[in-house]
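**Student:** I would like to see how this sequence folds:
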Amino acid sequence: MKRFAAVIRLRPEKEREYLALHAAAWPGVLAALKRAHIGNYSIFLRDGLLFSYLEYTGSDYAADTAAIAADPVSREWWALTDPCQRPLDSVAEGEWWASAEEIFHLD
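**Tutor:** Okay, here's the model as predicted:
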C-alpha cells in the first residue's frame, strides 16, 4: 500500500457548492476510485486549503489514475469540482493538486 497526499486551494465563492457535491458524492465516481485501487480517501478543509489523503493498493498507479481520467462519470464530476479549485502557485507542470511529501508516518 502506498499513501498519497495533495493540496489545492478552494475558491471561497465556491465553498458551499464544493461541500454540497462531496456531501453527496456520485456513486459512479466512488466506483471508479475503487476500481483504481484507491481507498481510505479523505479530503480535509482548513483556511481555504483542501488537503487530500488516499491509500493506493494497486501495482500501476499511472495506469489506474489514467483510467479514472478516462471515465466519463469522473470527467463530468471534475467539470463541476475543478471550477471550485485553484491550484497552488508551486504545482508541477501538468499537476492540478500539488503533491505533498510524506515526512513522517506512525502505524
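
**Student:** strands of this protein, residue ranges please.
**Tutor:** Ranges of strands in the chain, per DSSP state E, are 2-10, 38-46, 49-56, 85-86, 98-100.

**Student:** what's across from the residue nearest the centre of the chain in the sheet?
**Tutor:** What sits nearest the mean C-alpha location of the chain, by Cα atoms, centre = their mean, is S52, with 5.9 Å. Beta bridges link S52 to A6, I43 when assigned by DSSP bridges.

**Student:** list the contacts of it.
**Tutor:** By Cβ atoms under 8 Å, 6 or more residues apart in numbering, the contact set of S52 is F4, A5, A6, V7, I8, Y41, S42, I43, F44, W97. C-beta coordinates here come from the backbone N, C-alpha and C atoms, glycine included.

**Student:** what's the distance between it and P72?
**Tutor:** Here S52 is placed at a distance of 22 Å from P72 (Cβ to Cβ, to the nearest Å).

**Student:** for W97, same thing?
**Tutor:** Remark: distance between W97 and P72 (Cβ to Cβ) = 21 Å.

**Student:** of these two, which one has the most company?
**Tutor:** With neighbours defined as other Cβ atoms under 10 Å, W97 and P72 compare such that W97 has more, 18 against 9.

**Student:** could you find the closest non-adjacent residue to the more buried one?
**Tutor:** Closest residue to W97 apart from its sequence neighbours, by Cβ to Cβ, 6 or more residues apart in numbering: A6 at 3.6 Å.
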